[in-house]
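Engineer: Here is a sequence together with a model predicted from it:
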Amino acid sequence: MFKVLVSDPISDLGIQQLHDAADIQVDKNTGLSEDELVAIIGDYDALLVRSQTKVTERIMQAGTKLKVIGRAGVGVDNINLEAATHRGIVVINAPDGNTIATCELTFAMMMAVARQIPQAYKKTVSAEWDRKSFVGVELRNKVLGVIGMGRIGSEVAKRAKVFGMEVFGYDPFLTEERAEKLGVKLGTVNEIAAAADFITVHTPLTNETRNILDRPQFELMKKGVRIINCARGGIINEQALVEAIDKGIVAGAAFDVFVEEPPAADHPFLNNPKIIVTPHLGASTVEAQENVAIDVSEEVLHILRNEPFKNAVNMPPVPPVVLNKLQPYFNLGEKLGRFVGQMADGPVSEISINYAGELMDVDTNPLTRYVVKGVLTNHLGHEVNLVNAMHQAKQRDLNVTVQKSSATGSFTNLVTVTLKSKSEERTLAGTLLAGYGERIVRVGQYPVDISPEGTLLLISHNDKPGIIGRVGTLLGSNDVNIASMQVGRKDIGGSAIMILTIDKEASKDVLDQLAKLPEIQNVRELTL
Ligand SMILES: NC(=O)C1=CN([C@@H]2O[C@H](COP(=O)(O)OP(=O)(O)OC[C@H]3O[C@@H](n4cnc5c(N)ncnc54)[C@H](O)[C@@H]3O)[C@@H](O)[C@H]2O)C=CC1
Ligand SMILES: O=C(O)CCC(=O)C(=O)O
């Protein structure tokens with residue numbers, strides 16, 4: 001049974017699938033302080049949040065069972081991503097579910113600021129019939145500057161076109177082709193600042209985007225420009241905006257987000273008649289809240305059940321077409337890593353992986369994570385997972401190199417993993433055989449055919465008559481049943497290996513006895 005804690009208000013309908021799952025227990029406990037969360041988080045496998053809960057390193061430290069933190073929304077700035085990655089906790093978000101809601105709020109804000117609707121409403125409900133103070137401007141034939149042309153920015157741009165606006169966009173990932181398709185002209189931030197009648201920002205808050213509109217940009221702007229921020233507080237310098245309003249440059253602004261939320265009572269936006277404010281409502285529609293909760297619940301279920309998932313923020317995304325091709329290899333990759341990891345004697349400095357045959361033309365990075373996880377699991381146990389495998393390898397100065405080749409021997413695909421240390425190299429190769437599944441087909445220099453599962457004995461010996469019988473007799477007399485056996489050798493009478501699958505682990509004493517048999521060079525027990 002997995003336990004999921006929902007610590008922010010998240011749509012009940014959206015998380016219904018978690019309530020319905022027989023293997024999940026959902027507890028809703030919102031508005032907790034950090035101390036309160038620290039006190040209870042140790043019981044939970046998953047934490048679901050919106051933006052109120054600040055998921056700090058302390059909370060993760062106490063969450064010893066935590067496997068996943070789900071953010072029902074886009075921005076994950078309330079989650080310490082570095083700490084999560086370090087601890088191998090998957091952080092997922094729901095990037096698509098609130099795009100339209102936020103886009104529509106942006107449009108509502110743009111129209112509200114153009115026509116001063118909140119200001120007019122305030123006067124009207126105070127029984128003041130003031131028509132002359134509220135002469136607005138039209139959107140038609142105006143220039144809209146969109147900084148950040150991702151999901152929300154693009155939707156805003158599309159709607160602006162329908163309103164007859166000319167749209168200038170800036171985004172480091174906006175290609176000329178895509179801009180053309182959207183009917184958007186490309187411009188730099190400063191060009192947009194100089195040209196626009198309305199400017200809206202739709203980027204995350206990063207070191208690059210912090211204060212992307214600051215005093216120098218306001219100085220470039222046309223008199224009468226209107227500014228909208230429904231993305232993140234801090235993308236536009238709040239103080240510089242107030243100054244630009246005072247100077248008569250900015251005619252109005254609409255902000256849904258603030259550097260500090262909620263803003264202090266004396267925040268300069270709160271009593272400025274030219275600034276419209278809302279309390280971070282971009283995603284607050286019934287539809288968006290259901291969408292993000294459904295998306296995030298689905299992903300949490302996948303992660304807890306060890307199934308493939310798509311929206312991890314602290315892992316690179318895997319396109320479905322790549323996932324389909326690679327998924328059958330994931331188990332093989334991890335087993336190869338575990339196997340070869342147990343063959344190594346000294347500290348390993350490099351994991352070298354060769355993907356051959358039908359894997360040559362696929363992005364194999366996700367598969368590499370499985371191999372590295374397998375290698376590291378032998379030493380790090382549950383501390384390592386797919387999220388932190390590469391990070392853990394890097395921290396240990398363990399170089400991971402990948403090559404691709406067409407040389408598969410007689411197989412259609414071949415994954416070869418070599419562990420290198422100062423004094424030795426250990427190599428293992430495996431394949432996916434149609435109809436037979438995962439097979440190990442080479443151990444070191446020896447061709448073999450083994451199913452990578454269960455407990456194995458890997459015995460190096462000299463190829464002499466009677467050895468197999470002696471090993472079998474010794475194991476049998478110690479009540480260790482042999483399920484299958486493979487012998488690999490290069491030359492008659494030379495070095496050879498024996499790989500036995502045994503039904504239960506052999507004791508240390510049995511392994512010592514095996515190692516003392518004549519002609520035996522080395523005995524290792526491997527658990528896959
Ligand atoms: N007010 C609210 O309730 C909501 C706010 N948001 C916020 O809106 C923002 C955008 O969300 P989405 O469009 O879904 O994200 P997205 O990831 O689809 O788009 C963000 C875009 O910003 C661009 N970008 C990054 N650095 C940039 C830079 N220096 N200059 C220009 N562009 C840059 C990226 O290339 C990307 O295309 C996020 O910060 C998100 O947290 C999202 C939903 C609700
Ligand atoms: O959960 C919310 O209401 C905040 C939404 C948001 O800001 C986001 O998804 O980035």
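Structural biologist: Thanks, I have the structure now. Numbering: from 1, shown residues only. Ligands and ions are numbered 1, 2, ... in the order given.

Engineer: which residue ranges form the helices in the stretch 401-528 of the chain?
Structural biologist: Assignment of helices within the stretch 401-528 of the chain using DSSP state H, counting those that start in this stretch yields the ranges 467-477, 508-516.

Engineer: wait, which of these is closest to ligand 2?
Structural biologist: Closest approach to ligand 2 among the helices of the stretch 401-528 of the chain (CB to the nearest ligand atom): helix 508-516, 54.4 Å. C-beta: built from backbone N, CA, C; applies to glycine.

Engineer: follow-up on the earlier one: okay if I get the helices of the stretch 401-528 of the chain as TSV plus distance to ligand 1 and mean neighbour count?
Structural biologist: Output for the helices of the stretch 401-528 of the chain, formatted as TSV (distance: least, CB to the nearest ligand atom, whole Å; neighbours: other CB atoms under 10 Å):
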stretch	distance to ligand 1	mean neighbour count
helix 467-477	58	15
helix 508-516	54	14
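
Engineer: Including distance to Val49 and mean pLDDT, could these go into TSV?
Structural biologist: Below are those laid out as TSV (distance: least, CB to CB, whole Å; pLDDT from 0 to 100):
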stretch	distance to Val49	mean pLDDT
helix 467-477	53	93
helix 508-516	47	93
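
Engineer: Make a markdown table from those and add distance to ligand 2 to it.
Structural biologist: Below are the helices of the stretch 401-528 of the chain laid out as a markdown table (distance: least, CB to the nearest ligand atom, whole Å):
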| stretch | distance to ligand 2 |
| --- | --- |
| helix 467-477 | 59 |
| helix 508-516 | 54 |
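
Engineer: would a markdown table of those helices with distance to His391 be doable?
Structural biologist: Output for those, formatted as a markdown table (distance: least, CB to CB, whole Å):
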| stretch | distance to His391 |
| --- | --- |
| helix 467-477 | 41 |
| helix 508-516 | 34 |
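
Engineer: For the residue of the chain found nearest ligand 1, give me its contacts.
Structural biologist: Of the residues in the chain, the one nearest ligand 1 is Gly150, at a distance of 1.8 Å by CB to the nearest ligand atom. By CB atoms under 8 Å, 6 or more residues apart in numbering, the contact list for Gly150 reads Asp171, Phe173, His202, Thr203.

Engineer: Pull out the buried residues from those residues.
Structural biologist: Asp171, His202, Thr203 (16 or more other CB atoms under 10 Å).

Engineer: what pLDDT does the closest residue to ligand 2 within the chain get?
Structural biologist: Proximity of the chain to ligand 2 (CB to the nearest ligand atom) peaks at Gly73, 2.7 Å away. On the pLDDT scale, Gly73 is placed at 94.

Engineer: ok, so what distance separates it from Ile10?
Structural biologist: Here the distance between Gly73 and Ile10 works out to 10 Å (CB to CB, to the nearest Å).

Engineer: Do a quick rundown of the strands in the stretch 351-500 of the chain.
Structural biologist: Listed in chain order, the strands of the stretch 351-500 of the chain (DSSP state E, counting those that start in this stretch) span 399-405, 413-421, 425-433, 437-443, 446-450, 455-462, 482-489, 495-502.

Engineer: Which positions in the stretch 1-150 of the chain make contact with ligand 1?
Structural biologist: The stretch 1-150 of the chain comes close to ligand 1 at residues Gly73, Val74, Gly75, Pro95, Asn98, Thr99, Thr102, Ile147, Gly148, Met149, Gly150, as judged by CB under 6 Å from any ligand atom.

Engineer: Kindly indicate the member of those residues with the most neighbours.
Structural biologist: Using other CB atoms under 10 Å as the neighbour criterion, Ile147 leads these with 28 neighbours.

Engineer: That residue against Pro204, yeah?
Structural biologist: No - with contact defined as CB atoms under 8 Å, Ile147 does not count as touching Pro204 (11.7 Å).

Engineer: What residues does the stretch 201-350 of the chain have near ligand 1?
Structural biologist: Those residues of the stretch 201-350 of the chain that sit near ligand 1, judged by CB under 6 Å from any ligand atom, are 202-204, 206, 208-209, 230-232, 256-257, 280, 282-283.

Engineer: what subset of those residues is also close to ligand 2?
Structural biologist: Within these, those near ligand 2 by CB under 6 Å from any ligand atom are His280, Gly282, Ala283.
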